[in-house]
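Peer 1: Dropping the sequence and predicted coords here.
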Amino acid sequence: MFTSSVARWEQARAAWPCLLLICLLFMPTVVHSGSDWAQNAKASKAAAAVHSQRHWNAHLHRLQSITLERRRFTDILGPIMKHQYTLPMTQVQKSLVYTGSNYRLRRVVHDMIIGKRPIKVGAIGGSITNGAKASVIGETDWFSLVGKYLKSAFPKATITTRNGALPATPSALMNMCLEQYVDEDVDLMFVEYVANDGSNRFDEVKAKVYERLLRKLLNRRSKPAVVLLQLMPKGMAFGPGSREKVPFHGTLEDMYGAQSQYYDLPWLSFRNAMWRLSEFHTYGYNWTDYMWDVDYMHPIDPGMAAISDMVVNLVQQTAMGLLFAPLGRTDRELLQESLPPPMHAGNWEAKNLMCTYGEAFKPLVDASATKGWEFIDEGKAGAPKWGYISRQPGSVLKIVVNSMRNQDGSGSASDEDEKDQPMNVMLAYLKSYNSMGMASFKCTSGCTCDPRSEVDALHSLHQSTIFLVRFLVSQAERCEITVEVLNKTRSDDHKFKVSGIMMNEYIGADITEKLHEEQWLTQFQATAHTGGDRAAAGSNTTSSSSKKSSGGGKEIKAEILAGGAVAEKAAAAAGEPGD
C-alpha cells in the first residue's frame with residue numbers, strides 16, 4: 001500500500017512540467033479573451049450611448065412639429081428640454097415609478113417657467129446626497145447637477161438651492177432635526193433615505209418615522225413639492241457571489257413607495273434605473289461604471305449624473321404635461337386640501353423643539369459642575385467630530401436644558417392639559433469596538449426620568465457608530481441630566497463620548513421609544529446647529545477644558561466587493577468611518 005502511494009506521487013510529480021507547459025501555452029489565450037471582453041464591452045457602451053442620443057434627438061425632432069397657438073413646442077420649452085443624458089433613455093424611463101396628479105410639482109414648474117416668484121430648492125438625505133465620492137462636491141454631485149440644470153432650464157426664475165443632507169444619518173435623525181436643515185418656505189424638496197435606512201423591507205418602525213418626516217414637510221405653509229428620490233441600500237450593487245448581496249426586492253423602497261402613492265408624491269428609483277443595466281451587464285455596463293469600487297454603495301460621477309438624469313426627466317415630463325394640460329382649477333383645489341390622516345394609524349407627527357450636537361452642544365453643558373470631561377474634536381480638516389469625552393470612572397457630565405413642552409413669555413406651559421405630558425429626550429453617544437467603557441444616565445435636578453444605569457459603549461461591529469439613549473423627561477424650565485462614567489468595563493479602557501441632544505414632544509404610544517435601539521450609521525455630521533437658545537437659565541456655559549485631539553486613530557473597514565467570486569478589501573479610514 002505504501003509503495004503504491006509513493007509510485008503515484010512520483011508519477012504526479014513527473015507530470016507537473018507538462019501541466020505547467022499547458023498553462024503557459026493557454027495563458028495568452030485567456031488574457032486575450034479577457035482583453036476582447038473589455039474591448040467589446042467598451043464598444044457596446046459607446047454604441048448604446050450613440051443610440052440613446054439619437055433616440056433623444058429623434059424625440060425632440062418630433063416635438064418640434066407640435067404647435068400650440070401658432071408657437072412651436074421648442075420655442076416654449078426649448079431650454080427645459082436641453083440635457084445630455086448619461087443613462088440610456090429606456091433606463092431613465094424606468095426610474096419614474098409614480099407621478100400621480102403631481103399638482104405640487106406642476107405649480108413649482110409653472111412658476112419657474114414664467115418667473116413668477118423666487119424658488120427655493122432643497123434636499124435631505126445621507127452622504128450620497130451630501131456629495132460623497134463626487135469628484136468635486138458642489139459641482140459633480142447629483143444635487144449640484146440638478147441645481148445647474150434648473151437655473152439653465154428656467155432662465156426667468158430666480159432659483160436658490162440648499163443641500164441639507166447629513167452623511168451617515170437615517171431619516172429618524174432628520175425627523176428630529178428638520179428645522180435646522182430645511183428652509184421653512186422651501187418650494188421643491190428632494191428626500192433621499194432608502195440607502196441609509198437599510199435593507200430590511202419589513203421594518204415598519206422606520207416606515208413610520210419616514211412618514212412623520214414627510215408629513216412635517218408636506219404640512220408647511222409653502223406647500224412644497226416633495227419628490228421621493230430612492231437610492232439603493234448597501235449590498236444591492238455587490239456581485240452575485242457575495243455573501244452580503246442584497247436582492248432587487250431587499251430594500252425599504254417599496255414600503256416607502258406606498259407612502260408615495262398614499263400622499264400622491266413623485267417616486268424616482270435609482271434601483272429601477274440601474275439594475276438591468278449593471279446587474280445583467282446590458283450593453284457591456286457593470287456596477288463599476290457607476291459606483292465607487294470600495295463599498296459599491298456610493299455613486300461616482302457617472303452615477304451622480306445618472307441620478308440627476310432621473311430628476312431632469314421628471315421635470316421635463318411635468319413641463320410637457322403643463323403644455324397640454326395647463327395649471328388650473330383642479331390643481332388649486334388639490335393644493336387647498338388638508339393632508340389625509342396618517343397611513344399608519346395614529347402615526348401623527350410631533351413638534352420638534354431641539355436638535356443640537358457637535359460644537360453647538362457645548363453651551364448646554366454646565367462646565368462648573370462637570371468634572372473629568374473634555375470637549376474634543378476627534379475629526380479631521382473639513383470633518384469635525386466634536387463631543388465631550390472622558391476616560392476616568394466617576395467623571396460626571398452635567399447637561400442642562402429647558403424641557404418645557406410649550407412656552408409663553410414667562411416660560412411656563414401655555415396649556416394646563418399638557419403640563420404633565422413628558423418630553424422625548426435623546427442623547428447621542430459613540431459606540432465603537434475598542435477601548436470603550438460604560439456610563440449611567442439619569443435626571444438629577446428639576447426634572448424626573450427613568451434612569452439608565454448601565455449604557456455600554458463597546459460593541460463587536462468593527463466600526464464606530466452613533467447610538468441614542470432615550471428618556472421620557474418631565475417638563476421643567478431647568479432640567480439637569482447627568483452622565484457618569486462607570487468603573488465597570490468590558491474593554492481595557494473606560495472611554496465614553498457624548499456628542500448631542502435632541503428633544504421633541506411625546507404624544508403617547510410613541511414609536512420613538514425604539515429608536516434608541518437603532519444602529520446609527522457612523523457619526524453625525526458635526527456642524528454648528530441652533531438649539532443653544534434652549535439652554536436653561538442659570539447654567540454655566542463656559543467650558544472648563546477644550547482640547548483638540550491629536551488624532552482619531554486608524555480604523556479598517558472590511559467591504560465585500562462586487563464580482564463573481566467573494567472578495568474582501570480593507571479600506572483604511574482615519575477616525576470614524578462614513579456610511
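Peer 2: Thanks, I have it. Numbers count the residues shown, from 1 in each chain.
Peer 1: mind listing the helices for this structure?
Peer 2: 2-64, 73-77, 89-95, 103-114, 127-130, 142-153, 171-181, 194-197, 204-218, 253-262, 270-274, 301-324, 329-336 (DSSP state H).
Peer 1: which of these is buried the deepest?
Peer 2: Comparing the helices of the chain by mean neighbour count (mean count of other Cβ atoms under 10 Å), helix 194-197 ranks first with a mean of 28. The way it works is simple: take the backbone N, C-alpha and C, and place the C-beta from them, glycine included.
Peer 1: pLDDT below threshold where in the stretch 401-550 of the chain?
Peer 2: Within the stretch 401-550 of the chain, the stretches with pLDDT under 70 are 407-418, 461-463, 506-550.
Peer 1: now do 90
Peer 2: Filtered on pLDDT under 90, the stretch 401-550 of the chain yields the residue ranges 405-421, 424, 426, 428, 430-433, 459-471, 500, 502-550.
Peer 1: follow-up on the earlier one: could you dump the helices of the chain into CSV with distance to residue 363 added?
Peer 2: Listed next are these as CSV, based on distance: least, Cβ to Cβ, whole Å:
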stretch, distance to residue 363
helix 2-64, 54
helix 73-77, 51
helix 89-95, 44
helix 103-114, 38
helix 127-130, 26
helix 142-153, 31
helix 171-181, 15
helix 194-197, 29
helix 204-218, 26
helix 253-262, 36
helix 270-274, 40
helix 301-324, 37
helix 329-336, 41
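Peer 1: Tell me which of the ones you listed approaches residue 284 most closely.
Peer 2: Checking the helices of the chain against residue 284 by Cβ to Cβ gives helix 2-64 as the closest, at 3.1 Å.
Peer 1: quick one: average pLDDT of the closest one?
Peer 2: Averaged across helix 2-64, pLDDT comes to 61.
Peer 1: Repeat that for stretch 237-254.
Peer 2: Rounded mean pLDDT across stretch 237-254 is 91.
Peer 1: gap between the residue most central in space within the chain and residue 187?
Peer 2: In the chain, the residue lying closest to the centroid (Cα atoms, centre = their mean) is residue 126, at 2.2 Å. Relative to residue 187, residue 126 is positioned 23 Å away (Cβ to Cβ, to the nearest Å).
Peer 1: what's the answer for residue 284, then?
Peer 2: For residue 284, the distance to residue 187 - Cβ to Cβ - is 41 Å.
Peer 1: So those two - more neighbours on which side?
Peer 2: It is residue 187, of residue 284 and residue 187, that has more neighbours when counted by other Cβ atoms under 10 Å, with 24 against 19.
Peer 1: what's near enough to touch the more buried one?
Peer 2: 108, 111, 119, 120, 121, 222, 224, 225 (Cβ atoms under 8 Å, 6 or more residues apart in numbering).
Peer 1: Please repeat the previous calculation with a cut-off of 6 Å.
Peer 2: By Cβ atoms under 6 Å, 6 or more residues apart in numbering, the residues touching residue 187 are 108, 119, 120, 224.
Peer 1: Could I have the buried ones of those as PyMOL selection syntax?
Peer 2: Buried members of the contacts of residue 187, defined by 16 or more other Cβ atoms under 10 Å, are picked up in PyMOL with:
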select buried, resi 108+119+120+224
